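A.B. asks: Here is a sequence with its predicted model. Questions after.
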Amino acid sequence: MTSKILIVGAGIAGLSIAQWLSRFGLDFEIIEKRSSECIAHTGIVLPFNAVRELKDLGTLERLEGRYFEASTITYNKMTGKTIKSANLTEPPFENDQFISLKRQDLDRALLEGLEKKIRYNTEILTVEHGDDAVKITCTNELLNGSYDLLIAADGINSLVRQNNYEGQEMLVDHNVISWRFVVPYTEHALQPLHLIGQTDLFTVYPISEDALYCYGHVYEDLNDIVLGDNAKENIKKVFSGYGGPVPYILSQLDDVDILTNRLKSVIKPCFFDRRIAFVGDSANGCSPLIQQGAAMALADSRCLADALAMQNIDQALMTYKERRERKVERVIRFADAPLTHLESMQSWVSRGIRDLKIRTMGPPDVNAWKKLATDRHFLS
């Protein structure tokens, strides 16, 4: 019997599960509250496991020539003095890739072949559980009605999740303001770079030979920074004392679009409730500090679609949770752990201990990636 499936959200999670469902011959509709495809002028970092997922999906080949492949990553003090570098081509990564690129390039590659399936300017309004179905209303009346499965792929602030778990606290706010943007930097000759201050961090990832994707964050409670204020002025204020390539980057902000957010995580991952499935950030959103958002969205989508292709919906949802829950919970712990220590970084003693750990044990995100690559609990 053909199932009636509605996907909410046309980001990485929504587009990737749509690609897998198409491959398995399963039909679906996609709704997206934006007016058109993603045009955010920011970047994205894809570690080895995200790249593996893109290869399996057949999407990486569509990105040929549009990404930067990293070979090393370096952690510096805010002054620019090196603490520790790590090689990303050594075991266990000798057969893998670490890439960074424009976010819109990734979205457009995932969108290929799905253009006619997406209803833009359409937002979910209500969600009501029924017997073996979900009844929804949205801003496009033609799509209102019952669906055998609703797939929530609408991000960390998921309206589907808010509707479904109304009144329940689902997210933790880390009191961290973040900024993401892309700047031109001709012939920069850089590899990925993390500069760490007290309660602030600035990272640089090349996306081409002439452009950099930059991410910065600051612990809000200890700094005179307010979300919604002038982002460019706030960035200059927080990172004006940084060295390395940062002064030049700050001088290039006048014509740059900046995406500003608060860092949030799910309190506990949620995979499904009756006939609603959650994928990507709506299921397991967490800190971006080990760059696992896209990897988890892609893996969630593959796992759920594979189960739906082999089992009835209720069995597939149980299989999806069983296969993903343990891995996802451990990734979230790895990703969010550094944020629990931010406040203590006011102390020079705590910063000294942090830097010593990096110097002796290596960059923390690389250590997490090694764990992901070698721990059997993480292997798909």
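C.D. replies: That came through, no problem.
A.B. asks: rounded to a whole number, what's the mean pLDDT of stretch 292-305?
C.D. replies: Averaging pLDDT along stretch 292-305 gives 97.
A.B. asks: longest single helix anywhere in the protein?
C.D. replies: helix 313-336 (DSSP state H).
A.B. asks: For the residue nearest the centre of the chain, which non-adjacent residue is spatially closest?
C.D. replies: Nearest to the geometric centre of the chain sits Gly293, at 2.6 Å (CA atoms, centre = their mean). Residue nearest to Gly293 in three dimensions, not counting chain neighbours: Asp281, with 6.2 Å by CB to CB, 6 or more residues apart in numbering. No exception for glycine: its C-beta is placed from N, CA and C like everyone else's.
A.B. asks: For the one you found, grab the count of nearby residues.
C.D. replies: 28 (other CB atoms under 10 Å).
A.B. asks: Just confirm it contacts Gly155, I think it does.
C.D. replies: Yes. Using CB atoms under 8 Å, Asp281 is in contact with Gly155, at 4.8 Å.
A.B. asks: Residues that sit against both of these two, list them.
C.D. replies: The contact sets of Asp281 and Gly155 do not overlap (CB atoms under 8 Å, 6 or more residues apart in numbering).
A.B. asks: confidence score at Arg376?
C.D. replies: The model's pLDDT for Arg376 equals 59.
A.B. asks: any chance you could map the strands in the stretch 201-350 of the chain?
C.D. replies: Under the criterion DSSP state E, counting those that start in this stretch, the stretch 201-350 of the chain contains strands at 211-219, 259-266, 272-273, 276-278.
A.B. asks: which residues make contact with the longest helix of the chain from outside it?
C.D. replies: With CB under 8 Å, 6+ apart, helix 313-336 has contacts from 3, 148-149, 174, 265-266, 269, 271-272, 275, 277, 283-284, 286-290, 292, 296, 299-300, 303-304, 307-308, 310-311, 368, 371-372, 377-378.
A.B. asks: buried subset of those?
C.D. replies: 3, 148-149, 174, 265-266, 269, 271-272, 275, 277, 283-284, 286-290, 292, 296, 299-300, 303-304, 307-308, 368, 371-372, 378 (16 or more other CB atoms under 10 Å).
A.B. asks: Glu123: neighbour count?
C.D. replies: When neighbours are counted by other CB under 10 Å, Glu123 comes out with 14.
A.B. asks: Sorry, slip of the keys, the one I care about is Leu54.
C.D. replies: There are 24 residues near Leu54, going by other CB under 10 Å.
A.B. asks: now Leu63
C.D. replies: 19.
A.B. asks: Assign a three-state SS to the closest residue to Ala86 other than its chain neighbours, would you?
C.D. replies: In space, Ala86 comes closest to Val366 once its chain neighbours are excluded; the distance is 4.3 Å by CB to CB, 6+ apart. Under DSSP: H, G, I helix; E, B strand; the rest coil, the three-state class of Val366 is helix.
A.B. asks: Repeat that for His188.
C.D. replies: Criterion first, three-state DSSP; result for His188: coil.
A.B. asks: can you pull the contacts of the residue nearest to the centre of the chain?
C.D. replies: Gly293 neighbours (CB under 8 Å, 6+ apart): 12, 280-281, 285-286.
A.B. asks: any low-confidence regions in the stretch 51-200 of the chain?
C.D. replies: Applying pLDDT under 70 to the stretch 51-200 of the chain picks out no residues at all.
A.B. asks: Could you pull out the strands in it for me?
C.D. replies: Using DSSP E, counting those that start in this stretch, strands in the stretch 51-200 of the chain cover 67-69, 72-77, 82-87, 99-102, 118-119, 124-130, 133-138, 145-147, 149-152, 171-184, 193-196, 200-208.
A.B. asks: Of those, which is nearest Thr360?
C.D. replies: strand 82-87 (8.4 Å; CB to CB).
A.B. asks: Run the angle between the closest one and strand 72-77 for me.
C.D. replies: 170 degrees (axes from the mean of the first three to the mean of the last three CA atoms, to 10 degrees).
A.B. asks: And strand 82-87, how far out from the chain middle?
C.D. replies: 24 Å (CA atoms, centre = their mean, to the nearest Å).
A.B. asks: Which strands or helices does it pack on?
C.D. replies: strand 72-77, helix 348-361 (3 or more CB pairs under 8 Å, 6 or more residues apart in numbering; DSSP states H and E).
A.B. asks: average pLDDT for stretch 264-283?
C.D. replies: In the prediction, stretch 264-283 has an average pLDDT of 96.
A.B. asks: what about it, start to end distance?
C.D. replies: 13 Å (CA to CA, to the nearest Å).
A.B. asks: Also stretch 181-192?
C.D. replies: End to end - CA to CA - stretch 181-192 spans 15 Å.
A.B. asks: List the neighbours of it that are in contact with it.
C.D. replies: 41-43, 45, 70-74, 98, 100, 102, 203-207, 209-214, 245, 248-249, 252-253, 256-259.
A.B. asks: circling back: I'd like the strands of the stretch 51-200 of the chain as JSON lines, with distance to Phe24 appended.
C.D. replies: JSON lines is the format used below for the strands of the stretch 51-200 of the chain (distance: least, CB to CB, whole Å):
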{"stretch": "strand 67-69", "distance to Phe24": "27"}
{"stretch": "strand 72-77", "distance to Phe24": "36"}
{"stretch": "strand 82-87", "distance to Phe24": "38"}
{"stretch": "strand 99-102", "distance to Phe24": "27"}
{"stretch": "strand 118-119", "distance to Phe24": "19"}
{"stretch": "strand 124-130", "distance to Phe24": "24"}
{"stretch": "strand 133-138", "distance to Phe24": "21"}
{"stretch": "strand 145-147", "distance to Phe24": "18"}
{"stretch": "strand 149-152", "distance to Phe24": "14"}
{"stretch": "strand 171-184", "distance to Phe24": "32"}
{"stretch": "strand 193-196", "distance to Phe24": "39"}
{"stretch": "strand 200-208", "distance to Phe24": "32"}
